[in-house]
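*Asks:* show me how the following folds:
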Amino acid sequence: RPGLALCAGCGGRIQDPFLLRVSPDLEWHVACLKCAECGQPLDETCTCFLRDGKAYCKRDYSRLFGIKCAQCRASFSSSDLVMRARDHVYHLECFRCAACGRQLLPGDQFCLRDRDLLCRADHGHNHDGTAATRGPRSP
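*Replies:* Residues are numbered from 1 along each chain as shown. Got it, this is the predicted structure:
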């Protein structure tokens, strides 16, 4: 529908013979579809992600809106194995006891104290190595 559509990028009427439609209701001039963060052109060779009517390249979308590791704060790739503790997500290699540094593996018992993961051995100790007074235990 050249001439009828309005560009979501610049707001102008699209008179070009080609337009880019990213979602059913958002259309762009070919030259206007760029990452809102870095300005990289987003065409048929680059994956486009939408958020609040703005288009982003995959790298910037992941950096700005993707889930981050609770330990190292880096994003996850699609091939990363992850561990979860409550609402926190970790890279497998970042899922370690904050006291002794031992990597926690699937099936290991651990505790989440504030934002620190603690293995079973260190759960009953304060950070200075002294025994903690034990109240009711959480699972």
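*Asks:* next one: A98 from V89, what distance?
*Replies:* 16 Å (C-beta to C-beta, to the nearest Å). Bear in mind the C-beta positions are built from the backbone N, C-alpha and C, glycine included.
*Asks:* I should have written L112 there, sorry.
*Replies:* Distance, L112 to V89, by C-beta to C-beta: 12 Å.
*Asks:* secondary structure class for A121?
*Replies:* helix (DSSP: H, G, I helix; E, B strand; the rest coil).
*Asks:* identify the residues contacting D116.
*Replies:* A98, A99 (C-beta atoms under 8 Å, 6 or more residues apart in numbering).
*Asks:* mind checking pLDDT for it?
*Replies:* D116 is assigned a predicted lDDT (pLDDT) of 88.
*Asks:* what of the one 3 residues further on?
*Replies:* Note for C119: predicted pLDDT of 93.
*Asks:* enumerate every residue touching the spatially closest residue to it that is not a sequence neighbour.
*Replies:* Nearest in space to C119, with sequence neighbours left out and distances taken as C-beta to C-beta, 6 or more residues apart in numbering, is C97 at 4.0 Å. Shown in contact with C97 (C-beta under 8 Å, 6+ apart): L104, F110, L117, L118, C119, D122.
*Asks:* same thing with A74?
*Replies:* K68, H91.
*Asks:* so how far is D114 from it?
*Replies:* 21 Å.
*Asks:* cool, C69 as well?
*Replies:* C69 is 17 Å from D114, by C-beta to C-beta.
*Asks:* who does the nearest residue to C35 once chain neighbours are set aside bridge with?
*Replies:* Distances taken as C-beta to C-beta, 6+ apart put C57 closest to C35, at 4.2 Å, once the chain neighbours are dropped. Beta-bridge partners for C57, by DSSP bridges, are C48.
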